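*Asks:* Below is the structure, and that's it, no one-letter string:
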């Protein structure tokens with residue numbers, strides 16, 4: 001079952017649509033009244049008019065009923081029967097089901113399907129943790145499953161990214177949201193102005209409160225859609241947001257930023273399943289900010305371990321500020337880290353027919369820099385190319 005569906009709150013477009021339906025209904029009612037005043041010379045036509053009046057017109061100021069995150073509501077059913085199977089609790093290191101993400105045929109990252117070229121987003125720091133931004137392609141070495149890999153592409157420039165910002169909306173976040181929202185906006189101001197960003201607020205369900213845009217006003221409005229209550233389904237929100245990136249992100253570099261103040265206590269997915277979903281979808285880098293300074297010690301330890309795992313496996317960083325005052329500086333640091341990354345590509349020497357998890361390691365060495373540390377995702381799932389006659393969801397739509 002596809003978990004990649006984010007619930008949509010009532011937006012301006014949905015209100016406009018509702019008002020339009022209400023206007024149409026009002027016109028029909030006026031027409032019906034006119035027929036009544038001028039007699040019932042044509043009862044059959046009157047009956048027809050009556051049948052077109054909706055049973056109920058939705059109040060445009062009331063929020064729409066939200067679909068559940070764990071129900072697949074694709075308008076076009078997937079052509080792959082296995083895509084509709086429920087998520088299992090099988091080992092997270094088993095290969096993903098064939099056809100699970102066939103809808104990404106046109107995606108930038110194709111290694112999840114045929115392992116043609118693997119693209120790695122890499123950040124490099126020196127011994128003091130300072131970013132290193134003057135390296136050339138010759139400085140990097142890549143290994144896959146312990147075997148050296150020749151690089152096929154290299155890019156180091158301030159590329160715009162597809163970015164998803166996920167903010168915990170559970171009850172414990174009520175007194176933290178103002179500071180968190182301000183820090184998120186500062187991150188956006190410090191980022192590449194061509195970035196395309198979406199906003200997800202999550203508690204026991206995840207809500208896509210603003211789709212991809214570069215408009216800061218719209219993004220601020222999305223962040224303001226919070227009603228802190230309920231539990232924390234962090235892993236489900238991460239999986240659904242990674243799917244949103246894969247389906248609708250137009251830029252090759254993809255990032256998720258997660259801000260939460262506690263451990264997951266409501267997800268259907270386990271942590272390793274969420275990580276596997278991210279890796280299967282091309283590996284967006286996941287940055288996490290854990291506001292754990294007021295949490296119960298045991299919960300804080302569990303949350304810290306989960307956030308560190310999410311970030312380390314995908315090439316991001318987990319931050320744990322000591323107070324809300326530290327969040328703004330961290331947000332600015334995340335923006336800088338994203339803008340200074342390298343992109344390295346290689347075609348694996350191992351056959352694409354050998355499916356399964358592949359471990360990736362990258363090292364960098366350059367004169368005058370001392371010991372360098374490269375941060376990138378730790379691996380990916382290789383999958384065979386689909387048979388040429390097999391339809392994809394994109395082909396069905398066409």
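*Replies:* Structure received. Small disclaimer: the values here were computed from a predicted structure and weren't measured.
*Asks:* just for the chain, where's the confidence low?
*Replies:* Scanning the chain with the threshold set as pLDDT under 70 gives 1-5, 8-115, 384-398.
*Asks:* That one: helices as residue ranges?
*Replies:* Secondary structure of the chain by DSSP state H: the helices cover 12-37, 43-51, 177-190, 216-223, 234-248, 271-280, 297-314, 327-339, 393-397.
*Asks:* Give me the residues contacting the third one.
*Replies:* This points to helix 177-190. 165, 167, 169, 173, 195, 197, 216, 219-220, 223-224, 226, 228, 257, 259, 291, 324-325, 327-328, 330-332, 334-336 (C-beta atoms under 8 Å, 6 or more residues apart in numbering). C-betas here are computed from N, CA, C, even on glycine.
*Asks:* Tell me the buried residues in stretch 351-365?
*Replies:* Buried positions in stretch 351-365, judged by neighbour count with 16 or more other C-beta atoms under 10 Å: 352, 355, 357, 358, 360, 362, 364.
*Asks:* could those residues be laid out in a markdown table, adding distance to residue 185?
*Replies:* Shown next, in a markdown table, are these (distance: C-beta to C-beta, whole Å):
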| residue | distance to residue 185 |
| --- | --- |
| 352 | 43 |
| 355 | 43 |
| 357 | 38 |
| 358 | 38 |
| 360 | 34 |
| 362 | 33 |
| 364 | 33 |
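*Asks:* Looking at the residues you listed, which one is closest to residue 275?
*Replies:* Nearest to residue 275 among these is residue 357, at 11.0 Å by C-beta to C-beta.
*Asks:* So what's the residue count around residue 339?
*Replies:* Neighbour count for residue 339, taken as other C-beta atoms under 10 Å: 19.
*Asks:* Please tell me I have it right and it contacts residue 192.
*Replies:* Yes. In this structure residue 339 lies within contact range of residue 192 using C-beta atoms under 8 Å: 6.1 Å.
*Asks:* Give the residues shared as contacts by these two.
*Replies:* With C-beta under 8 Å, 6+ apart, residue 339 and residue 192 have common neighbours residue 158.
*Asks:* follow-up on the earlier one: show me which pair in the buried residues of stretch 351-365 is furthest apart.
*Replies:* The largest distance within the buried residues of stretch 351-365, taken as C-beta to C-beta, falls between 355 and 364 and amounts to 29.5 Å.
*Asks:* first vs last residue of stretch 126-146, how far apart are they?
*Replies:* With C-alpha to C-alpha, to the nearest Å as the measure, stretch 126-146 spans 24 Å from end to end.
*Asks:* buried ones in it?
*Replies:* For stretch 126-146, by 16+ other C-beta under 10 Å, it's 132, 135, 139, 140, 141, 142, 144, 145.
*Asks:* what do you get for stretch 211-226?
*Replies:* Buried residues in stretch 211-226, counting neighbours by 16+ other C-beta under 10 Å, are found at 211, 212, 219, 220, 222, 223, 225, 226.
*Asks:* Name the nearest of the residues you listed relative to residue 279.
*Replies:* residue 212 (22.1 Å).
*Asks:* what sits against that closest one?
*Replies:* Contact analysis of residue 212 by C-beta under 8 Å, 6+ apart lists 162, 196, 197, 198, 248, 249, 250.
*Asks:* how is this structure carved up into domains?
*Replies:* Here the domain parsing of the chain from automatic domain parsing is 1-65, 89-156+342-397, 161-339.
*Asks:* so which of the ones you listed is the most packed in?
*Replies:* Per residue and on average, the most neighbours among those fall to domain 161-339, with a mean of 20 (mean count of other C-beta atoms under 10 Å).
*Asks:* Now do the end-to-end distance for that one.
*Replies:* Domain 161-339 has an end-to-end distance of 9 Å (C-alpha to C-alpha).
*Asks:* gap between the nearest residue to residue 374 once chain neighbours are set aside and residue 381?
*Replies:* The shortest distance from residue 374 to any non-neighbouring residue, by C-beta to C-beta, 6 or more residues apart in numbering, is to residue 362 (4.5 Å). Taking C-beta to C-beta, to the nearest Å as the measure, residue 362 falls 18 Å from residue 381.
*Asks:* returning to what we had before: pull the most distant pair out of the buried residues of stretch 211-226.
*Replies:* 212 and 226 (19.8 Å).
*Asks:* Quick check: the closest residue to residue 311 other than its chain neighbours vs residue 258, distance?
*Replies:* Excluding the flanking residues, the one nearest residue 311 by C-beta to C-beta, 6+ apart is residue 318, at 4.2 Å. Distance from residue 318 to residue 258, counting by C-beta to C-beta: 9 Å.
*Asks:* Repeat that for residue 333.
*Replies:* Counting by C-beta to C-beta - residue 333 and residue 258 are separated by 15 Å.
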